[in-house]
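Student: Make a model of this:
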Amino acid sequence: MGQPHPINPVDVGTMRAEYEASGIEPEDLHDDPVAQFEVWLVDAINAGLTEPNAMVLATVDDEGQPWSRWVLLKDYDGRGFTFYTNYGSFKSTHLNANPVASLSFGWLDLRRQVTVAGSVERVNDAESDSYWNVRPRGSQLGGWASNQSQGIADRASLDDSYAEADRAHPGPVPRPPHWGGWRVVPHTVEFWQGRVNRLHDRVRYEVDGNGWTRRRLAP
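Tutor: Numbers count the residues shown, from 1 in each chain. Okay, the predicted model is just below:
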């Protein structure tokens with residue numbers, strides 16, 4: 001706010017890439033948006049994209065302020081899209097106060113994005129344990145060491161907490177009670193395919209009773 005522009009600002013207004021790609025038609029997509037998501041996820045994996053399961057998670061705090069950050073998708077099925085975190089983190093605090101969220105996957109090299117919106121729920125302990133048990137030991141210790149989103153004095157204090165967690169758990173590392181999964185249960189899923197002249201293709205799925213409807217939207 002009120003900060004001067006840098007001496008040589010980047011002229012982002014003239015940055016432009018043309019999107020020339022095959023289009024999408026609603027009738028050519030799967031009836032189930034999760035099945036269609038999997039098709040595009042596999043395409044992103046096969047294309048060698050970095051972190052194809054990365055997604056932007058948007059939440060709303062108790063004052064109505066939206067926040068967004070990158071997280072990693074760790075499971076998906078007909079129930080929704082799951083990620084894991086510290087239950088004391090900012091994102092978890094927001095989700096407890098306002099149990100709704102949106103997710104955005106950006107596979108820009110393929111000129112594609114997928115946006116998910118819906119309610120949220122905690123996954124059960126068995127599912128959290130199952131994922132925790134396949135995490136590398138270092139990541140497990142990090143889950144104990146980091147009091148996520150809380151202020152810390154310096155990096156050294158974080159490294160000390162990690163060393164302390166390592167000493168406390170010389171064998172298998174149990175899942176902390178403050179760590180587990182959140183599932184975004186979608187009511188809307190939108191697929192976006194970049195096209196020439198900014199006339200992009202958009203197909204939106206919406207919950208309709210026990211099934212889904214889909215329709216094309218203007219770009």
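Student: longest single strand anywhere in the protein?
Tutor: strand 179-193 (DSSP state E).
Student: Can you name the residues that contact residue 78?
Tutor: 32, 34 (C-beta atoms under 8 Å, 6 or more residues apart in numbering). The way it works is simple: take the backbone N, C-alpha and C, and place the C-beta from them, glycine included.
Student: Compute the distance between it and residue 210, please.
Tutor: 11 Å (C-beta to C-beta, to the nearest Å).
Student: What helices and strands are in contact with the helix-or-strand element of the chain with minimal mean pLDDT?
Tutor: Taking mean pLDDT, DSSP states H and E as the measure, helix 155-168 is the helix or strand of the chain with the lowest mean score, a mean of 87. Applying 3 or more C-beta pairs under 8 Å, 6 or more residues apart in numbering; DSSP states H and E, we find helix 155-168 packed against helix 137-145.
Student: Please list all residues in contact with the residue most central in space within the chain.
Tutor: Nearest to the mean C-alpha position of the chain, by C-alpha atoms, centre = their mean, lies residue 55 at 3.2 Å. Residue 55 sits next to 70, 71, 72, 73, 81, 83, 103, 104, 105 when contact means C-beta under 8 Å, 6+ apart.
Student: Quick check on these: which are buried?
Tutor: 71, 73, 81, 83, 103, 104, 105 (16 or more other C-beta atoms under 10 Å).
Student: got the residue ranges for the helices in this protein?
Tutor: Here the chain has its helices, by DSSP state H, at 33-46, 90-97, 125-132, 137-145, 155-168.
Student: Indicate which one of the ones you listed is closest to residue 176.
Tutor: helix 137-145 (5.5 Å; C-beta to C-beta).
Student: just the CA coordinates of the closest one, formatted as CSV?
Tutor: What follows is helix 137-145 as a C-alpha-only set of coordinates in CSV (Å, rounded to 0.1, in the frame of the first residue of the first chain):
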residue,chain,number,x,y,z
ARG,A,137,10.3,-40.5,8.4
GLY,A,138,11.6,-37.0,7.9
SER,A,139,8.2,-35.7,7.0
GLN,A,140,6.7,-37.5,10.0
LEU,A,141,9.2,-35.9,12.3
GLY,A,142,8.4,-32.5,10.7
GLY,A,143,4.8,-33.0,11.6
TRP,A,144,5.8,-33.2,15.3
ALA,A,145,8.4,-30.5,15.1
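Student: Report all helices and strands that that helix contacts.
Tutor: helix 155-168.
Student: Only the buried residues of the helix it packs on, if you could.
Tutor: 161, 162, 165.
Student: correct me, but the first one touches residue 145?
Tutor: Yes - counting by C-beta atoms under 8 Å, residue 161 does reach residue 145; the two are 4.1 Å apart.
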